[in-house]
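Chemist: got a predicted structure here, sequence first:
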Amino acid sequence: MKIKFIPIDYDYFDCEGRNWVRIVGRMENGKKALIVDSCDAYFWVILKDGLSDKKVDKVCERIEKISVEGKVRIGKVIRTEIASKRFLGKDVRAVKVYVNNYKDAHDIASQIDYDEVYKRREYDLSFVSRYIIDKGVKPLVWCDVEGEMISGDDFGGIGRVDVDVCLKAEKMEESKKQIEFKPRILAYDIETDEFEIGKGEIVMISLVGEDCKKVLTWKNGNKNYIKNYSDEGEMLGGFVEEVKKYDPDILIGYFSDGFDLPYLRARAEKNKLKLNLGVDDSQPVFSRGRMMSGKIKGIVHVDLFRFIRTAYSQYLQSESLSLNDVANELLGEKKVEWKHKHSSKIKKDEWNQYFEYNLKDSEITYRLMEKLLPDLLEFTRIIQEPLFNISRDSISAQVENYIIHHINEYDEIIEKRPYNNEIGVRRAEEKYEGAFVFQPVPGLYDHVVFFDFTSMYGSVIVSFNLSKSTLVEKEKNSFGIDIGKKVYFSKKPGFFSDMIGEMITKRKQVKGEYNKNPDPILRARSNAFKLLVNAAYGYQGFFGARYYCREAAASTAAFARKEIKNVIDMIEKKGYKVVYGDTDSICFERDNRSKKEVLNLLKEINEKLPGIMELDLEGFFKRGIWVSRRNGDVGAKKKYALIGEDGRVKIRGFETVRRDWCGLAREMQNKVLGLVLNEGNEKKAVDYVRGIINKLKKREIEIDKLIIKTQLKRPVEDYKSINPHVSVAKKMIEKGMLVNVGMLIEYYIAGDDKKRSLVRDRARMVDDSKEGNADYDVQYYLRNQILPAVENIFEIFNVDVNSLLDGERQKGLGEFS
DNA sequence: GTTCGAGTCGTACC
DNA sequence: ACGGGTACGACTCGAAC
């Protein structure tokens, strides 16, 4: 039988001591298919240089005799092969050791500790990765499959699955013709009586897909999308039934790894039911790790929250990654308003609102997925790991997987993952010097220009060939750099910088295509490359990386510092005054010179930059403001505001953009910055601030503008210093409220500070049940929130902010001198 | 009991 | 434990008086 097939979900199983891969995907006609296939399981033994052929043969003979006895099977070496390969850029001779089961590779490898052996590698790859690499059956890439139908009890019952076609593959190859693929997506969300997993009952479950809008419940409701059940257990059965009927490729939730799926599983158990969502009727499986991941066989369970956090959060400006904040920013949608309470406390006429709320959550999740799907698909295609992993992997894992799936072209044996003791050593290493930040002089600057380097660290890695495999002792064909000690890198290109270079080239190309044809897929592809390139630097400095290289990371930062300083010099030599710069950006005054002249300068600089490094025009700005540091009189770094020629204000680092300042201070500072930048003077801003101060003094400010939000980053008992938010969190726990690590603690400061008591003792949680909450400490808000937010801005205009307190305008000394 | 520098903590920038 | 370093600034802690 021959089919055209797109692989979506992969897993493996053992049958008769051998490893098999099971792939679930779709056929061209939209039907679901399951393919069973296999590949060799093996690892590499790299030999020391200069061994005689005879000695090598002897090593192979010894290896072939190895067997390890496990609980369920005996691990054996099937055969060996001698090959010429490369390892970290050097030619090596290596033995390819084939084993009957990949899970025994590690144990077998550890027995091969002979004198002739240099290293043992690739015993730590997952079988699915091995399969994808060796067979070239890539996720979400159409392939032509030839195979035999299997059914019933084949492979220990693997054929007993709920798919349309089930094949054992004989031949699989990438299709010449790739057609568009639209996965079938279903979003879900549950509502429960308690927040703790499995503690209370699940009262409703919403499902949203293409032409699907449902709320399953055993409570009474009369909306047309509601499906009624008699009790929780029946509803859970109905959920499984509805999911299977919809037949999704991808089931998505928001924070569903940590809440919805484990909750469903726990309640099914309580009801003595099976949550048999898998194509083989299996239940979801939760992998242990720092974070639980819920896996369903044959359906890719995606927790959108996790993908957004790793791949998207850096582009978001919302203050939290809650569904509401993210949906609001990306879709302009908000959740239905609903205050959580136990179902026994919900009044009859409130239930419909609750159902609406539940349905809306799934709708938002579904629409978010529509928006992010191109990114997920492109990440998957580029990195070539299964979607399940792509949606959950950390950024370092994404970089590493890209390397693993593209290294074959270099004939390289893959470096191993570090052991715990190596991680310990790496983490104990001293920090190295990072980026250069220009010391600004406080002031208001007219007509400023920003230049920035495109993908600076990536382009430095490529231009100077900085990686583990190119780090060498001082030699003829190398060059050195000082990172506290002198280190050298070969001029001969290595695979790491080669790969990064290729990604930069591809990105440029895709971006060019996108500009001609703004297709979301192209945009997603360009973004994926950009993200991977930018993460390559962090990857080399990350202690958990296979290709960890502190010297390369430190050298990347060192070369970057050198280059940006060079460019600053070049700009200053042309007579411009540089105002600021951070890592890869430079800001300078244009004075009365034309834009054309500035662009000529840019061109001139670019001709002198090394390798593939490139400087770009970020923009021309009408005005910019830099303020002084609160402690000391020099200019503050990483804090500035700009106004573009279109009137748009761009604020960096100021309290306005910090979520741990109260709304009033932030809004006011934002307004002040806008006024000052627009007007070029402080007059309107001063009047405005005076108004705010008076309102606050008269307690006319609503409490919700005075709430301070701070994240609880660890369990309360782990804190050495009890700051206000920790103190509030403790009070919340005492009250029996649910306090999770990672949540935002909201509080305000009450009472009066006559007694100089600690702030934390006056920090109060926001109590909705109380009317007014008008007991806030006016003095605290004036001295610790309002004045600090504008003090350094007005200082530039010689306005002493204390003079605003009593409503009288005073001028600083500077005005009279 | 007050004062002040050091240390802790969270958040932002790139 | 699951990218890096640089930087600001509020607040607490605790030694010194």
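Modeler: In hand now; what should we look at?

Chemist: how far does stretch A:8-19 sit from its chain's centre?
Modeler: 30 Å (Cα atoms, centre = their mean, to the nearest Å).

Chemist: contacts for it, please.
Modeler: A:20-26, A:38, A:41, A:73, A:100-103, A:127-128, A:131-132, A:139-140, A:155-156, A:158, A:183, A:249-250, A:295, A:297-300, A:386-388 (Cβ atoms under 8 Å, 6 or more residues apart in numbering). C-beta here means a position set from N, CA and C on the backbone, and glycine is covered the same way.

Chemist: those residues also near DNA strand B: which ones?
Modeler: Among the contacts of stretch A:8-19, none lies close to DNA strand B by the criterion of Cβ under 7 Å from any atom of the strand.

Chemist: those in strands, which ones?
Modeler: Among the contacts of stretch A:8-19, DSSP state E puts A:20-26, A:41, A:250, A:295, A:300 in strands.

Chemist: quick revisit: just the buried members of the contacts of stretch A:8-19?
Modeler: Among the contacts of stretch A:8-19, the ones that count as buried by 16 or more other Cβ atoms under 10 Å are A:20-26, A:38, A:41, A:73, A:100-103, A:127-128, A:131-132, A:139-140, A:155, A:158, A:183, A:249-250, A:295, A:297-300, A:386-388.

Chemist: let's have the ones in strands among the contacts of stretch A:8-19 in TSV, adding pLDDT.
Modeler: Listed next are these as TSV, based on pLDDT from 0 to 100:
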residue	pLDDT
A:20	95
A:21	95
A:22	94
A:23	97
A:24	96
A:25	97
A:26	97
A:41	96
A:250	98
A:295	96
A:300	98
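
Chemist: now, the most widely separated pair of those?
Modeler: Greatest spacing in the ones in strands among the contacts of stretch A:8-19, by Cβ to Cβ: A:41 and A:250 (29.4 Å).

Chemist: which SSE is immediately downstream of the worst-scoring helix or strand of chain A on mean pLDDT?
Modeler: When the helices and strands of chain A are scored by mean pLDDT, DSSP states H and E, helix A:154-157 comes last with a mean of 79. Remark: after helix A:154-157, the chain's next helix or strand is strand A:165-174, criterion DSSP states H and E.

Chemist: in that following strand, what counts as buried?
Modeler: So strand A:165-174, judged by 16+ other Cβ under 10 Å, has buried residues A:165-169, A:172.

Chemist: and that strand, how far from the chain's centre?
Modeler: Offset of strand A:165-174 from its chain centre (Cα atoms, centre = their mean): 34 Å.

Chemist: just the CA atoms of it, as PDB, please.
Modeler: These are the backbone C-alpha positions of strand A:165-174, laid out as PDB (Å, rounded to 0.1, in the frame of the first residue of the first chain):
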ATOM      1  CA  VAL A 165      -5.000   3.300   8.200                       C
ATOM      2  CA  CYS A 166      -2.300   1.500  10.100                       C
ATOM      3  CA  LEU A 167       0.900   0.600   8.200                       C
ATOM      4  CA  LYS A 168       4.300  -0.900   8.800                       C
ATOM      5  CA  ALA A 169       6.600   1.200   6.700                       C
ATOM      6  CA  GLU A 170       8.900  -0.400   4.100                       C
ATOM      7  CA  LYS A 171       9.900   2.800   2.400                       C
ATOM      8  CA  MET A 172       9.500   6.400   3.400                       C
ATOM      9  CA  GLU A 173      10.700   9.400   1.500                       C
ATOM     10  CA  GLU A 174      10.100  13.100   1.500                       C
END
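
Chemist: which residues does residue A:440 contact?
Modeler: Neighbours of residue A:440 in contact, by Cβ under 8 Å, 6+ apart: A:579-580, A:626, A:635-637, A:640.

Chemist: ditto for residue A:185
Modeler: A:209-210, A:248-250, A:252, A:366, A:369-370, A:373.

Chemist: by neighbours, which of the residues you listed wins?
Modeler: residue A:252 (29 neighbours; other Cβ atoms under 10 Å).

Chemist: that's a strand at that residue, yeah?
Modeler: Yes - assessed with DSSP: H, G, I helix; E, B strand; the rest coil, residue A:252 lies in a strand.

Chemist: give me the pLDDT value at it.
Modeler: If you check residue A:252, the pLDDT there is 98.

Chemist: and the gap between it and DNA strand B?
Modeler: Residue A:252 sits 26 Å away from DNA strand B, going by Cβ to the nearest atom of the strand, to the nearest Å.

Chemist: next: residue A:708.
Modeler: Taking Cβ to the nearest atom of the strand, one finds residue A:708 at 10 Å from DNA strand B.

Chemist: next one: phi and psi at that residue?
Modeler: Torsion angles at residue A:708 (phi, psi; degrees, to the nearest 10) stand at phi -110, psi 130.

Chemist: that one: how many residues sit nearby?
Modeler: Neighbour tally, residue A:708, other Cβ under 10 Å: 24.

Chemist: and the spatially most central residue of chain A, which of the three is it?
Modeler: Geometric centre of chain A, nearest residue: residue A:310, 0.9 Å, by Cα atoms, centre = their mean. Following three-state DSSP, residue A:310 is assigned to helix.

Chemist: surely it meets residue A:389?
Modeler: No - in this structure, residue A:310 is not within contact of residue A:389 by Cβ atoms under 8 Å, at 11.5 Å.

Chemist: so how far is residue A:59 from residue A:244?
Modeler: Here residue A:244 is placed at a distance of 53 Å from residue A:59 (Cβ to Cβ, to the nearest Å).

Chemist: contacting residues around the residue nearest to residue A:41 when sequence neighbours are not counted?
Modeler: Residue nearest to residue A:41 in three dimensions, not counting chain neighbours: residue A:102, with 3.7 Å by Cβ to Cβ, 6 or more residues apart in numbering. Residues in contact with residue A:102 (Cβ under 8 Å, 6+ apart) are A:19, A:41, A:127, A:130.

Chemist: quick one: residues in contact with stretch A:208-218.
Modeler: A:184-188, A:203-207, A:221, A:223, A:225-232, A:234-235, A:238-239, A:242, A:246, A:248, A:355, A:358-359, A:362-363, A:365-366.

Chemist: buried ones among those residues?
Modeler: A:184-188, A:203-207, A:221, A:225-227, A:229, A:232, A:235, A:238-239, A:242, A:246, A:248, A:355, A:358-359, A:362-363, A:365-366.

Chemist: okay, now residue A:343: neighbour count?
Modeler: Neighbours around residue A:343, by other Cβ under 10 Å: 15.

Chemist: now residue A:64
Modeler: For residue A:64, using other Cβ under 10 Å, the count is 16.

Chemist: the residue of the stretch 501-650 of chain A found nearest DNA strand C and residue A:670, how far apart?
Modeler: Closest residue of the stretch 501-650 of chain A to DNA strand C, Cβ to the nearest atom of the strand: residue A:538 (2.7 Å). Residue A:538 sits at a distance of 31 Å from residue A:670 (criterion: Cβ to Cβ).

Chemist: equivalent analysis for residue A:404, please.
Modeler: Separation of residue A:404 from residue A:670 (Cβ to Cβ) stands at 46 Å.

Chemist: okay, these two: which has more neighbours?
Modeler: Neighbours around residue A:404 and residue A:670, counted as other Cβ under 10 Å, are more numerous at residue A:404. The numbers are 23 against 18.

Chemist: the more buried one: which element?
Modeler: helix A:395-406.
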